[in-house]
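Asks: all I have is the shape, not the residue letters:
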Ligand SMILES: NC(=O)C1=CN([C@@H]2O[C@H](COP(=O)(O)OP(=O)(O)OC[C@H]3O[C@@H](n4cnc5c(N)ncnc54)[C@H](O)[C@@H]3O)[C@@H](O)[C@H]2O)C=CC1
Ligand SMILES: O=C([O-])CC(=O)C(=O)O
């Protein structure tokens with residue numbers, strides 16, 4: 001059987017890392033697409049030349065031609081610009097919306113059967129626009145943010161409790177911005193919910209609140225350190241986790257920006273929610289119950305995303 005084909009639209013910091021990870025994990029053959037001439041070709045060749053030492057079997061190709069993504073099984077979209085210190089993700093909306101139009105049409109015309117994972121910011125509005133521009137089914141177009149935000153939360157929690165990251169679970173829902181919702185009640189150490197760990201005296205509410213805030217600021221913390229761009233190792237790893245769930249029909253339960261049609265009381269809207277990812281793409285949105293306070297935080301986040309979607313419609317009249 002032929003190897004799966006993975007198209008990476010955008011060959012910058014995240015795109016290059018995605019290509020390296022996909023090859024090392026032998027998820028399939030990789031096509032790197034970018035408008036910057038030489039960049040995808042150079043990265044594809046460089047990674048391919050690591051194959052003999054690493055021992056992977058995967059072909060890599062760099063291109064400026066959308067025809068080369070034809071028949072891709074998975075498309076991961078990082079095309080666009082990242083923020084710099086002093087900017088919010090929302091400041092990227094105007095410029096990245098234009099990029100989503102070109103990318104959406106490129107995917108529509110060349111890889112209409114692909115499972116599409118959008119990473120470009122501001123994430124929730126960009127994945128909505130990408131689905132609109134591509135016209136692909138909503139269960140085949142999703143956004144990566146919740147896996148990353150939850151991984152950051154899990155990492156910070158593992159440091160606080162001094163336990164393995166493997167034994168920490170977390171769910172961060174809502175939009176991928178300052179209003180994101182780390183759900184402490186649904187986050188655990190060895191299955192014990194965080195509020196119970198506070199009651200047990202293993203940590204304090206103040207420490208937990210600080211970790212929640214550090215998670216919300218996780219992207220900005222890295223932007224402030226790097227100064228020239230944003231995080232790329234953990235974002236790439238998170239998207240690969242989602243792509244692998246699809247390619248291997250793993251039925252992973254992962255938080256991601258998914259199209260909600262009735263779930264969470266939302267009517268045709270993309271936002272971060274728990275999902276099941278398998279061969280059917282987004283096979284299910286897991287409509288969890290929230291307390292009044294959690295619901296208020298979630299609603300606040302949804303409203304922030306709604307504002308960005310309205311801004312997209314204002315910029316591009318072709319968006320419904
Ligand atoms: N959803 C999330 O959790 C995260 C999202 N991001 C976002 O991901 C995006 C990419 O980040 P990086 O890879 O660090 O940026 P980067 O600047 O290193 O790479 C972006 C690439 O897109 C290319 N590009 C621009 N316009 C294009 C077009 N029309 N078609 C094809 N390629 C095009 C550029 O030439 C560049 O190589 C940014 O918008 C960033 O904010 C970053 C981290 C996490
Ligand atoms: O903060 C940024 O601009 C990039 C991003 O979304 C993240 O790292 O979470």
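Replies: That came in fine, so what should we check first? On a predicted model such as this, the values are computed, not experimentally measured, just so you know. Numbering: from 1, shown residues only. Ligands and ions are numbered 1, 2, ... in the order given.
Asks: near ligand 2, which residues of the stretch 101-250 of the chain?
Replies: Counting by C-beta under 6 Å from any ligand atom, the stretch 101-250 of the chain comes close to ligand 2 at 121, 148, 176, 218-220, 222-223, 230-231, 235. All C-beta atoms are positioned from the backbone trio N, CA, C, and that covers glycine.
Asks: out of those, which is most surrounded?
Replies: Neighbour counts for these peak at residue 176, which has 29 neighbours (criterion: other C-beta atoms under 10 Å).
Asks: which residue does this protein have closest to ligand 1?
Replies: Residue nearest to ligand 1 within the chain: residue 12 (1.8 Å; C-beta to the nearest ligand atom).
Asks: backbone dihedrals for that residue, please?
Replies: Reported as degrees, to the nearest 10, the phi and psi values for residue 12 are phi -90, psi -140.
Asks: can you tell me how far the nearest residue to it once chain neighbours are set aside is from residue 198?
Replies: Nearest residue to residue 12 in three dimensions, chain neighbours excluded: residue 78, at 6.3 Å (C-beta to C-beta, 6 or more residues apart in numbering). Note on residue 78: its distance to residue 198, by C-beta to C-beta, to the nearest Å, is 38 Å.
Asks: do residue 120 as well
Replies: 37 Å.
Asks: now residue 227
Replies: Noted for residue 227: a distance of 36 Å to residue 198, by C-beta to C-beta.
Asks: what's the answer for residue 314, then?
Replies: Taking C-beta to C-beta, one finds residue 314 at 44 Å from residue 198.
Asks: so residue 30, which state does it fall into?
Replies: Put simply, residue 30 is strand when judged by DSSP: H, G, I helix; E, B strand; the rest coil.
Asks: in contact with it: list those residues for me.
Replies: Residue 30 sits next to 6-8, 19, 22-23, 44, 47, 58-61 when contact means C-beta atoms under 8 Å, 6 or more residues apart in numbering.
Asks: and residue 55, how many neighbours?
Replies: Neighbour count for residue 55, taken as other C-beta under 10 Å: 9.
Asks: equivalent analysis for residue 71, please.
Replies: Per other C-beta under 10 Å, the neighbour tally for residue 71 reads 12.
Asks: same check on the one 10 residues further on?
Replies: Close neighbours of residue 81, defined as other C-beta under 10 Å, add up to 16.
Asks: I'd say it and residue 98 touch.
Replies: No - using C-beta atoms under 8 Å, residue 81 is not in contact with residue 98; the gap is 10.6 Å.
Asks: tell me the pLDDT of the residue of the stretch 151-300 of the chain found nearest ligand 2.
Replies: Among the residues of the stretch 151-300 of the chain, residue 219 lies closest to ligand 2, at 2.2 Å counting by C-beta to the nearest ligand atom. We have a pLDDT of 98 for residue 219.
Asks: quick one: contacts for it?
Replies: Contacts for residue 219 (C-beta under 8 Å, 6+ apart) come out as 89, 230-231.
Asks: ok, now with 10 Å
Replies: 82-83, 88-89, 121, 145, 148-149, 152, 176-178, 180, 230-231, 234-235 (C-beta atoms under 10 Å, 6 or more residues apart in numbering).
Asks: most surrounded residue in the contacts of residue 30?
Replies: For these, the largest neighbour count, defined by other C-beta under 10 Å, is 33 neighbours, found at residue 8.
Asks: before we move on, back to that, which of residue 78 and residue 198 has more neighbours?
Replies: Using other C-beta under 10 Å, the more surrounded residue of residue 78 and residue 198 is residue 78, with 29 against 16.
Asks: surely residue 169 meets residue 191?
Replies: Yes - with contact defined as C-beta atoms under 10 Å, residue 169 reaches residue 191; the gap is 7.9 Å.
Asks: so for the two, which sits in the more crowded spot?
Replies: Neighbours per residue (other C-beta under 10 Å) separate residue 169 from residue 191, with residue 169 holding more: 17 against 8.
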